[in-house]
Every structure is written in C-alpha cells, then in structure tokens.
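Participant: Pasting the sequence and the predicted coordinates here, then a few questions.
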Amino acid sequence: MSYPTIPYDQARAWWRAGEAAGEPGDPPDTVENTSGFHRDWLTEATTLANDLLDLLERSRGAGGRDRFSRFEAEAAVRIHQTLPRDHPALADPEFWIWYAADPGLSVVRTRYAGSTIPGIANFASPNARESLFYRLWVRGEMGWRRDEADPYRLARYGDTDFWRSHVFRQKYAEYPALLEAFACFQYPEGPDGPPHIPLTNNQVELRTFVKRMKRIGTNVMVEFFNIEEAFKLMEEEWNRLRQEEAV
C-alpha cells in the first residue's frame, strides 16, 4: 500500500450516522491507493495525532492568543515538518479524509470539543479544503520559507479566522510577497502581537479591507510585487479606506 484513503461518499455516510447516534462510530473502510512511494502511514499518522493531542493540552492556559489559535499555529508547523512534501497523498482529498476520520479523529473531536460530532467539513469535503489536517498542512506550506532562521515564522502569524477567511479563500494570498506583507501588516509586532486592524464588530473593517485587496489583485499585477511594494500598497489602501470612512 502506498497510502490510505477514504472516499468522500463513505465519509459523508459515516458522519451522518454518527450525527444521528450522537457519537461517531468506527471509521469507514480504508481504500488503498498505489500511487507514490510506500510509507507506514498509520504509524506516522497515529504518532503525529498523539503529538497534536499533547499540544492541544499544553495550549490550555497559555497566554497571548486564544487557545485554539495557539494550537493551530504550532500544529501547522508540526504537520508540515512531519509529512513528505513530495508525496502524491498530500494532493489527494481522500487521504486527508482518512487522516481526519481515522487516526486523527480524537484530535478533531478535541479541537471542536462541545459538540457530539464536529461539523462534516472538518472531516470531509470533496476537495478537503476545510478539513482540519489539510488546512493546517496548507498553512505550513504557505508559511514555509526555506532560507529563514525560523522557516515557519510566517506560518505562526495570525489566528484561525485570519487564515481560514483572509488567506485560504483569497487568491492574492497565493503570492508569497503579498501573503507575507499582509501578515506583517496585520500583525506588525509579530505573531503574538495585537492586530493592526482591530478584530471587533464582527471584523467588519478587516473584511472590508480584504475585499479591497481582492479587487486590486484583479487589476494590478501583484504577482510581480516584492514584499516592500506589497506592504506599501496595503498601507496606501488602508489609509484610503480610513479617509473614505471619515467622510
């Protein structure tokens, strides 16, 4: 076996049965995919899941950001460090479904404690985009900088919603310079510092700013910007937005 998968339809049926019962049952049967080189995925995934559970426990009561934002910042680093970047499994949504529904089930349930069974998107979706483990791995991948003293400095910035709403769902964040400029613009004092645009009033100001950046990204060739140019653009747009609001 090269890597394990669980098809989305099977995962969806498993989740619905668990929701009805108030408790997830045994995971669906694994389907083997023979692409790529072989690894002992079950052992690696179980070891990583135990590591993440320990990280979740240690994040309780720590200072700074809320518990789960602290957890996800470090979990993204652990997952990206552990899994092989060049294996085709990481591009397969059904691999991530297997990870969440089988060896990582306890991590998902602990991360979303308080519900009988967390929402299905945390386990499975056709493209796996919202599943916990996949989005943490993508955060690590997007925030990884090979030549820095701390290659994961950028991945440690921001809270959970910063990444889910303002990075993963925005095309401009695909460009490394814009992503880094945006993280440093929003958190000028570093990963644990206060946000530049206050996260109040349901983040209306931040969401408005992101919409402006999204529009600019369709009209300006931002893919050729360096970090300094991207940061300057964001400062200019933020000042322009504040001026408009003051009128």
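Facilitator: The structure has been received and is ready for your questions.
Participant: Confirm that Phe182 sits in a helix.
Facilitator: Yes. When DSSP: H, G, I helix; E, B strand; the rest coil is applied, Phe182 is found to be in a helix.
Participant: Please determine how far it is located from Asp86.
Facilitator: Separation of Phe182 from Asp86 (CB to CB, to the nearest Å): 28 Å. Bear in mind the C-beta positions are built from the backbone N, C-alpha and C, glycine included.
Participant: same check, this time on Arg39
Facilitator: Distance from Arg39 to Asp86, by CB to CB: 12 Å.
Participant: before we move on, what about Arg58?
Facilitator: Noted for Arg58: a distance of 31 Å to Asp86, by CB to CB.
Participant: Just want to know which of these two has more residues nearby.
Facilitator: More neighbours surround Arg58 than the other of Arg58 and Asp86, with 13 against 7 (other CB atoms under 10 Å).
Participant: List the buried residues of the helix or strand encompassing the more buried one.
Facilitator: Following DSSP states H and E, the helix or strand that holds Arg58 is helix 41-59. Neighbour counts over helix 41-59 (16 or more other CB atoms under 10 Å) mark 41, 45, 48-49, 52, 55-56, 59 as buried.
Participant: So for the residue nearest to Leu48 when sequence neighbours are not counted, what pLDDT did the model give?
Facilitator: Using CB to CB, 6 or more residues apart in numbering and skipping the chain neighbours, the partner closest in space to Leu48 is Thr82 (5.2 Å). Thr82 is assigned 95 on the pLDDT scale.
Participant: can I assume Thr82 is in contact with Thr43?
Facilitator: No. Contact criterion CB atoms under 8 Å: Thr82 and Thr43 do not qualify, at 11.7 Å.
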